[in-house]
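In: kindly return the folded structure for what I paste below:
(one chain, ligands or ions: 2)
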Amino acid sequence: TDTAIRASFFDFTGTVTHPDDLLNQARYLEDGVLLLREGRVVGLDSWENSAARLAGQPVTDLRGRLIVPGFVDTHIHYPQTEMIGAFGEQLLEWLNQYTFPVEAQYHCPDHAARMSAFFLHQLLSNGTTSALVFGTVHPQSVEALFSAAEALNMRLIAGKVMMDRNAPDNLTETPEQSYQQTRALIERWHQRGRLSYALTPRFAPTSSPALLEKVQQLRQEFPDTWVHTHLSENPQEVAWVKALFPERQDYLDVYHHHQLTGRRSVFAHCLHLDDREWQCLHDTESAIAFCPTSNLFLGSGLFNLKRSWQQGVSVGIGTDVGAGTTFNMLQTLGEAYKVGQLQHYRLSAAEAFYHATLGGARALDLDQAIGNFNVGKEADFVVLDPAVSALQQLRIGNSKDIWEKLFVLMTLGDDRNIAQTWVAGRPVWQRESQEQAA
Ligand code: GUN
Ligand code: FE
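Out: Ligands and ions are numbered 1, 2, ... in the order given. From the prediction side, this is the model:
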């Protein structure tokens, strides 16, 4: 073994298809040892069971800290980093007033490279090791992001936006251009190292039927790519889709008609679905990205987590920056809890951390590679400092078990709680300790 780390560990060891599975599948080692070799997990066990075998080997001692699998952000827009917290508008006006002008800047490769570095640093400093990411319509936006992620060896899925109508001229393209540029990016980046490509039509209103046909063609030509788009976020948007596509049964049918549903299809938001759409998501094994801070910030609506369990639809958590208001998964889980409260749904810490780790990996069809500490998994994880403020110390100090500690983390936690972030077995980010700062 190359690396042995002693700390507390929490993860889920297997797939959860019903909330009752959460406790059976959860694993907590108060004093454990994680063994890593060549970027992968080769073992996780209690200190007691490991100490003898480790005799004489150096052990990184992180006792007092809690290590969890790297957070998985299943929906985020890297070019919107610089417009986070744009005042006053709901989705459609927000796009026109704030989003499109900012995204137009990404025609410039230097800007894209600068913002890619900034964006990945934000992910890592918040404990997020994998993400499904929107670029802009410009191929150079995705080129810059993939280059930066490759240098960090991150498991990242991204794609250039495809859009050919209902957006400014400098952000639209023809279906043929969209096809050619997307194809070239897939050939260059898809399955290169830990990187993968997602076909990324922005959403139905900015897609003509001809564009969607091109997306369909690409998915047929590259069946192991992902599909990443928005679905049923805002009531005005839903009404607009009905008007634009009167021949389709509902919003989801616009995508389903072009065979864009299925495993590896991830639909952000899904707030105003009807029964048929829920059923179609289930039948096709499509996944949902639940984006609580975005849905609250844009006033879009309340995601129905209970329904997603009832329907057997896989859900991950998305920050949806820049409509979302934080990169931090702990804060995002805290907002998800409040979204639950508004619907009399009790989002437990177990469920919240499941969606943020293994559940998110499963929503992205990456649960063979990441999401927990099972042997063979890629070693992406976060070292959490459970109490970094007087208030957290007070509250954690009187918490009775791991569940309450996790719940306090998602209620009071933020980026200060992220002590270290490891990617593929290497520490890629570390918060300056008080001692170093002093
Ligand atoms: N729908 C279409 N584009 C976007 C976007 O950039 N952000 C959000 N939240 N919803 C969208
Ligand atoms: Fe979004």
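In: pretty sure residue 232 sits against residue 277.
Out: Yes: using CB atoms under 8 Å, residue 232 is in contact with residue 277, at 7.1 Å. Any C-beta I mention is one placed from the backbone N, CA and C, and that applies to glycine too.
In: more crowded one of these two?
Out: Comparing residue 232 with residue 277 by other CB atoms under 10 Å, the one with more neighbours is residue 232, at 25 against 21.
In: gap between the spatially closest residue to that one that is not a sequence neighbour and residue 278?
Out: Residue nearest to residue 232 in three dimensions, not counting chain neighbours: residue 272, with 4.7 Å by CB to CB, 6 or more residues apart in numbering. Residue 272 is 11 Å from residue 278, where distance means CB to CB, to the nearest Å.
In: cool, and residue 105?
Out: From residue 105 over to residue 278 the distance is 38 Å, taken as CB to CB.
In: who's more crowded, the two?
Out: In terms of neighbours (other CB under 10 Å), residue 278 is the more surrounded of residue 105 and residue 278; the figures are 20 against 15.
In: looking at it, that one is touching residue 311, isn't it?
Out: Yes: judged on CB under 8 Å, residue 278 makes contact with residue 311 at a distance of 4.8 Å.
In: overlap in contacts, residue 232 and residue 277.
Out: Counting by CB atoms under 8 Å, 6 or more residues apart in numbering, the residues touching both residue 232 and residue 277 are 251-252, 270.
In: any chance of a markdown table for the residues you listed, columns pLDDT, distance to residue 69 and secondary structure?
Out: Shown next, in a markdown table, are the shared contacts of residue 232 and residue 277 (pLDDT from 0 to 100; distance: CB to CB, whole Å; DSSP: H, G, I helix; E, B strand; the rest coil):
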| residue | pLDDT | distance to residue 69 | secondary structure |
| --- | --- | --- | --- |
| 251 | 98 | 33 | helix |
| 252 | 99 | 30 | helix |
| 270 | 99 | 24 | coil |
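In: nearest to ligand 2 among those?
Out: residue 270 (11.8 Å; CB to the ion).
In: thinking the closest one is in contact with residue 286, fair?
Out: No: under the criterion of CB under 8 Å, residue 270 lies out of contact with residue 286, with a separation of 9.5 Å.
In: between the two, which is the more surrounded one?
Out: Taking neighbours as other CB under 10 Å, residue 270 and residue 286 compare with residue 270 leading, 28 against 25.
In: how near is the closest residue to ligand 1 within the stretch 301-438 of the chain to residue 206?
Out: In the stretch 301-438 of the chain, the residue that lies nearest ligand 1 is residue 323 (3.7 Å; CB to the nearest ligand atom). Distance, residue 323 to residue 206, using CB to CB: 16 Å.
In: give me the more crowded residue out of those two.
Out: Between residue 323 and residue 206, counting by other CB under 10 Å, residue 323 is the more crowded of the two (32 against 22).
In: and the helices in the stretch 151-300 of the chain, which stretches?
Out: 175-189, 209-221, 235-244, 251-256, 275-284, 292-297 (DSSP state H, counting those that start in this stretch).
In: those: which one's closest to ligand 1?
Out: Using CB to the nearest ligand atom, these put helix 292-297 closest to ligand 1, at 5.3 Å.
In: after the closest one comes which helix or strand?
Out: Following helix 292-297 in sequence order, the next helix or strand is helix 305-311 (DSSP states H and E).
In: in what helix or strand does the residue of the stretch 301-438 of the chain closest to ligand 1 lie?
Out: With DSSP H and E as the criterion, residue 323 is inside neither a helix nor a strand.
In: which residues does it contact?
Out: With CB under 8 Å, 6+ apart, residue 323 has these contacts: 77, 80, 91, 94, 291, 294, 297-298.
In: and which of those is nearest to residue 338?
Out: residue 297 (12.6 Å; CB to CB).
In: ligand 2 contacts on this structure?
Out: Residues of the chain lying close to ligand 2 (CB under 5 Å from the ion) are 268, 320.
In: give me the most central residue, the chain.
Out: For the chain, the residue sitting closest to the mean C-alpha position, by CA atoms, centre = their mean, is residue 73 at 1.3 Å.
In: skipping adjacent residues, who's closest to that one in space?
Out: Using CB to CB, 6+ apart, the closest residue to residue 73 is residue 131 (4.1 Å).
In: isn't that neighbour up against residue 157?
Out: Yes: between residue 131 and residue 157 there is a contact under CB under 8 Å: 7.4 Å.
In: more crowded one of these two?
Out: Shown here are residue 131 and residue 157; by other CB under 10 Å, residue 131 has more neighbours (28 against 25).
In: on that earlier part again, what subset of the contacts of residue 323 is buried?
Out: 77, 80, 91, 94, 291, 294, 297-298 (16 or more other CB atoms under 10 Å).
In: closest to ligand 2 among these?
Out: Once CB to the ion is applied, the member of the buried ones among the contacts of residue 323 that ends up nearest ligand 2 is residue 77, at 5.6 Å.
In: over to the closest one: give its phi and psi.
Out: phi -110, psi 110 (degrees, to the nearest 10).
In: wait, it touches residue 318, no?
Out: No: the criterion here is CB under 8 Å, and residue 77 misses it with residue 318 at 9.8 Å.
In: which residues of the protein lie near ligand 1?
Out: Counting by CB under 6 Å from any ligand atom, the residues of the chain close to ligand 1 are 77, 91, 95, 99, 202-203, 230, 233, 294, 320, 323.
In: neighbours around the residue lying closest to residue 89 once chain neighbours are set aside, how many?
Out: Nearest non-adjacent residue to residue 89, counting by CB to CB, 6+ apart: residue 97, 5.8 Å away. Using other CB under 10 Å, residue 97 is surrounded by 14 other residues.
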